[in-house]
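J.: Provide a 3D model corresponding to the input given below.
(chains A, B and C)
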Amino acid sequence: MVGDVSDLDPASDPREEPASRGVPGQVPAVPAGQVHAPIPAVAHDDVIDDAIENPVFITEKLSVSYGTSPAVLDVSLRVPEKQITAFIGPSGCGKSTIIRCFNRMNDLIPAARVEGTVRYHGVDLYGNEIDSVQVRKRIGMVFQKPNPFPKSIYDNIAFGPKVLGMKGSMDQIVEQALRRASLWDDVKDRLKDNAFGMSGGQQQRLCIARALATNPDVLLMDEPCSALDPISTGRIEDLMHELKETVSIVIVTHNMQQAARVSDRTAFFIVDMGSSEEARIGRLVEYGPTSRIFTNPHDIRTEEYVSGKFG
Amino acid sequence: MTTRAESSRPVSEVLGVPPAAHKVRDRSFVLLLGALTSVALIVLAVLLIDTAIDGVPQLSLSFLTSFPSAFPAKAGIESAITGTLWLMGVVTFVIVPLGVASALYLEEFADNSRWWNRIIEVNIQNLAAVPSIVYGILGLAYIVRGPLSLGRTVLAGGLTLALVVLPVVIITGREALRAVPPSIKEGALALGATRWQAIWRQILPASIPGIATGVILSISRAIGETAPLILVGAATFVAFNPTGLDSPFTALPLQIFSWISQPNDEFRMLAAAAIIVLLVLLVLLNAVAIRLRNRYQQRW
Amino acid sequence: MAIDSVASDAAGPSAESVFGPARRRIGEKVIAVVLFCAAATSVVITIGIVISLAGETLAFFADKAVSVSGFLTGAQWTPLFSDPQFGIRPLVQGTLIITGIALVVAIPLGIGTAAFLSEYASPRLRSALKPILELLAGVPTVVFGYFALTFFTPSILKGLLGMDVSVFNGLAGGIIVGVLIVPTVASVAEDAMSAVPQSLREGAYGLGASRRQVTVRVVVPAALSGITAGIVLGASRAVGETMVVLIAAGQVPTTSLDPRGPMETMTAFIGATGKGDVPTGSTGYKAIFAVGFALFLMTLILNAISIRFVRRYRQVYE
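T.: Sure thing, here's the model as predicted:
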């Protein structure tokens, strides 16, 4: 097992490994020279054990680079419908970068280049005819730091439906969104108050409500609790459990306990140090049902991370 | 107890004695810096007091409501005040759309890797440092005469002043837009807003106090500008109010300059009185700008 | 297998079936073009300045009364005389003397103010002093001209110092222009001093240096390129300043080096000539543009130097 740590060594050519992962059927397909040979190759086991029906997202060798340096390489995975999928891993491992491909938020960074494919219900999100605005209407996002607009609570929720030209009573849409985010009782008497007067936890639930108001199919959450206290975090986690009845959720978190508590499936990423300090490359190591990732990880690196040995 | 006994040793025995010369030098250095800092402040104070002594006795309702005259006792600044107000109107009308649109383009649309965008950026930086009298020459050649041939009118004067302060409006506008955190734009885009929807409904409203502050400060700079108006302005003796954009005009700084240029002391006293009116107007504008900034500026 | 089959299924569902009909969003593109045009206006303004100045300048040199060598080296500037002479030297010399006097005043005042604000003043004092400096920068220059002519020359130079100065003199003009540019020098220099990393100061304090020694030996040298940028920017403003010199320094182009007498700067010539109704096309009218062009080039060069110095200190610490 000790030898497995050296897998981080570039000499073991980790580039080979994720590529092999995407190809199903070759169960023990481990390229020659790989140190953790005894361990079965990982990511396919979801294909084999519990193949995901109707995946929301399928990524194929998805890589993102900023300028000339790759940030995350060759990620292939499938995100199930109406479940919570967690991305965990040390900082810099590219988990946020990957989630930002799911609603094309990386478009905002001019230097970012995306390779490989992301399919959303079978449609290539980076296809020529795809309009990133249309994508974001269906796929909502909640950010690391609550980012309410400097307006009233009501206007925060109403913004999305308005720009989408949604029909119906705006008051009803707002109330429904706030109820879904279990925020209605807290704020129903002060809908006209500025959102900046709310507590951090409330602001984040407002941002969730804001995202729900446009009836998205997927909710992407990029470390939504990292700026919150434990009580607020607990409320958001409860909320996620309620929400997964109606939306698929992908959450990025650096908090392993949170992933273990809320998610159905977990993907573990690492940072590959590469040859120099600048060449830090994120990679997907292992992906599967959360219970298995935490109790019976197949990769030594996952095991060490979830047991707190590194990261 | 032993520790107390130890600590009761004289400080000088432990740390040594600082040389007295050092203390004197440190002390005089602070005094020197303080003195240098206060010179500019003292000049400002003396300037205000001197102007007040000369000008306040001349201030009266009839001074504000009379036209210039060859007789100091009858002369007033009504046409200068109305001229300045007309100029403010023209300047505002030009710099708000042009300045805000330029700032929006540079902050939200321009891709800095393109050479033409870098040229625009450097160009605005340089325009801000061009002396205002050069804008006066431009106004004289292209606006008063030449291609636009508007004559020495309110419109020509206002356009020239607008050009003088446009770089300032753009620079302050960009700062105001940059003060809105990127997370607001991300939040709007993540909800399916288009780029323009995010700008128009979130970024621009959030930066309006900052933009407005910059616009007001630019207007106050414009109405104090004299040099360009000397070149494009009307004759300084204008005994009527402007009736429209095509009217000849005078303005407060022009009237002040004209009176200062008279050898007669009585006219110089009138200049001091007009200066007080101009400074009051500027202080009012600045007070509005500061109030806007303190009251409505979003703290992120 | 499942992945393979989906991935290789290039046709798949159409984007339209998932996301609805595609939108063209022509409005967004139109807006981007409109905003670009607004931003490009500033370039048009610059081109306008250059063409208007350069065009008339060429016409000026084409005039038979003018020669390039006479313009650059001639010691007499009398464009409105019946026998006009167009030697720019008196104007350039007047500009340089007044700018020089202004810098002698503004450099110590500006750097001293910057050092005081950055290294000594408490946050409260700073927040009180900075708006006053902004106020000083906001006073119209015609007001400073009035002050120089009616107070500074008679009461300070003549009265208090007992100097033998004329009513219009370069000294008063230069000193007041110097005070006028103090806020410019001070604010750029203070930005540079505040940008000096705290760790540098702490390093010196750790060696037992006093605050004075830290200011003089650590902060000022470390901020030197920023301080230089402020001084150059101040010089550029002094060169371009019109009203103070037009009002207080006189309108007599001279090669005399004595600042106690009247002198004319380039800006003052433009103002004095442009205020009368010079007929378009006359040599005097064209002379305005030739002098304006020289002025434009001087400030452009000074500004470019200043930007370079600012970049240098930004690069070091940011």
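
J.: so which helix or strand takes in residue B:12?
T.: Following DSSP states H and E, one finds residue B:12 within helix B:11-15.

J.: packing partners for the helix or strand following that helix?
T.: For helix B:11-15, the following helix or strand on the C-terminal side (DSSP H and E) is helix B:20-55. Under the contact criterion of 3 or more CB pairs under 8 Å, 6 or more residues apart in numbering or on different chains; DSSP states H and E, helix B:20-55 touches helix B:265-296, helix C:89-115, helix C:123-138, helix C:141-147, helix C:170-194, helix C:211-213. Placement of C-beta: from N, CA and C, glycine included.

J.: flag every buried residue along the helix or strand just after the fifth one.
T.: To tie it back to what came earlier, the one meant is helix C:170-194. Along the chain past helix C:170-194, the next helix or strand (assigned with DSSP H and E) turns out to be helix C:198-206. Residues C:201, C:204 are the ones in helix C:198-206 that count as buried (16 or more other CB atoms under 10 Å in any protein chain shown).

J.: do helix C:198-206 and chain B meet?
T.: No. Helix C:198-206 stays clear of chain B (CB under 8 Å from any CB of the partner chain), getting no nearer than 13.4 Å.

J.: how far out from the middle of the chain is that helix?
T.: Taking the mean of its C-alpha atoms, helix C:198-206 sits 34 Å from the chain's own mean (CA atoms, centre = their mean, to the nearest Å).

J.: same question for stretch A:205-217.
T.: 16 Å.

J.: report the contact partners of residue C:229.
T.: Listed by CB atoms under 8 Å, 6 or more residues apart in numbering or on different chains, the contact set of residue C:229 reads C:188, C:192, C:306, C:307, C:308, C:309, C:310, C:313.

J.: please flag which of the residues you listed sit within helices.
T.: If you go by DSSP state H, those have C:188, C:192, C:306, C:307, C:308, C:309, C:310, C:313 in helices.

J.: leaving out sequence neighbours, find the closest residue to the fourth one.
T.: In other words, residue C:307. Excluding its sequence neighbours, the residue lying closest to residue C:307 (CB to CB, 6 or more residues apart in numbering or on different chains) is residue B:125, at 6.7 Å.

J.: got it, and the first one?
T.: When the adjacent residues along the chain are set aside, residue C:188 lies closest to residue C:230, with 3.2 Å between them (CB to CB, 6+ apart).

J.: which bits of the stretch 151-300 of chain C sit near chain B?
T.: The stretch 151-300 of chain C comes close to chain B at residues C:151, C:179, C:182-183, C:186, C:210-212, C:215-216, C:233, C:236-237, C:239-243, C:246-247, C:267, C:270-271, C:274-275, C:280, C:288-289, C:292, C:295-296, C:299-300, as judged by CB under 8 Å from any CB.

J.: give the ChimeraX command for selecting the buried subset of these.
T.: The buried residues among these can be selected in ChimeraX (16+ other CB under 10 Å) with this line:
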select /C:151,179,182,183,186,210,211,212,215,233,236,237,239,240,241,242,243,246,247,267,270,271,274,275,288,289,292,295,296,299,300
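
J.: what sits against residue B:237?
T.: Residue B:237 makes contacts with B:68, B:250, B:258, as judged by CB under 8 Å, 6+ apart.

J.: please list the members of those residues that lie in helices.
T.: Of the contacts of residue B:237, the ones assigned to helices by DSSP H are residue B:258.

J.: most neighbours out of the contacts of residue B:237, which is it?
T.: Within these, neighbour counts (other CB atoms under 10 Å in any protein chain shown) peak at residue B:250, which reaches 29 neighbours.

J.: roughly how far does the residue nearest to residue C:307 sit from residue C:311?
T.: 11 Å (CB to CB, to the nearest Å).

J.: more neighbours, these two?
T.: Shown here are residue B:125 and residue C:311; by other CB under 10 Å, residue B:125 has more neighbours (16 against 12).

J.: contacting residues for the more buried one?
T.: The contact partners of residue B:125, taken as CB under 8 Å, 6+ apart, are B:167, C:303, C:307.

J.: and these, which is the shakiest by pLDDT?
T.: Lowest pLDDT among these: residue C:307, with 86.

J.: in this structure residue A:202 contacts residue A:190, no?
T.: No. The pair residue A:202 / residue A:190 is not scored as a contact, 10.8 Å apart, by CB atoms under 8 Å.

J.: which element is the spatially closest residue to residue C:293 that is not a sequence neighbour on?
T.: The shortest distance from residue C:293 to any non-neighbouring residue, by CB to CB, 6+ apart, is to residue C:53 (4.1 Å). Secondary structure from DSSP H and E places residue C:53 in helix C:26-62.

J.: what mean pLDDT does that helix have?
T.: Per-residue scores along helix C:26-62 average to 92.

J.: tell me which residues of the next helix or strand after that helix are tucked away?
T.: Moving toward the C-terminus from helix C:26-62, the first helix or strand encountered (DSSP H and E) is helix C:68-73. For helix C:68-73, the buried set under the neighbour-count rule, 16+ other CB under 10 Å, comprises residue C:71.

J.: what residues does helix C:68-73 touch?
T.: C:61, C:85, C:86, C:87, C:88, C:89, C:290.

J.: now for these, which pair is the farthest apart?
T.: Taking CB to CB, the two most distant members of those are C:61 and C:89; they sit 16.3 Å apart.

J.: ok, and the most crowded of the contacts of residue C:229?
T.: Neighbour tally across the contacts of residue C:229 (other CB under 10 Å): the maximum, 28 neighbours, falls on residue C:192.

J.: distance of it from residue A:53?
T.: From residue C:192 over to residue A:53 the distance is 63 Å, taken as CB to CB.

J.: so what's the residue nearest to residue C:110 when sequence neighbours are not counted up against?
T.: Distances taken as CB to CB, 6+ apart place residue C:185 nearest to residue C:110, at 2.9 Å, with adjacent residues excluded. Shown in contact with residue C:185 (CB under 8 Å, 6+ apart): C:106, C:107, C:109, C:110, C:111, C:114, C:230, C:231, C:233, C:234.

J.: is it true that the second one touches residue C:228?
T.: What that stands for is residue C:107. No. If you go by CB under 8 Å, residue C:107 and residue C:228 don't touch, sitting 10.4 Å apart.

J.: a strand runs through residue A:140, doesn't it?
T.: Yes. Assessed with DSSP: H, G, I helix; E, B strand; the rest coil, residue A:140 lies in a strand.

J.: burial of it, as a residue count?
T.: 27.

J.: go on, the one 10 residues further on?
T.: A total of 17 residues lie near residue A:150 under the criterion other CB under 10 Å.

J.: could you do residue A:182 as well?
T.: Neighbour tally, residue A:182, other CB under 10 Å: 17.

J.: leaving out the residues flanking it, which one is nearest to it?
T.: residue A:239 (5.8 Å).
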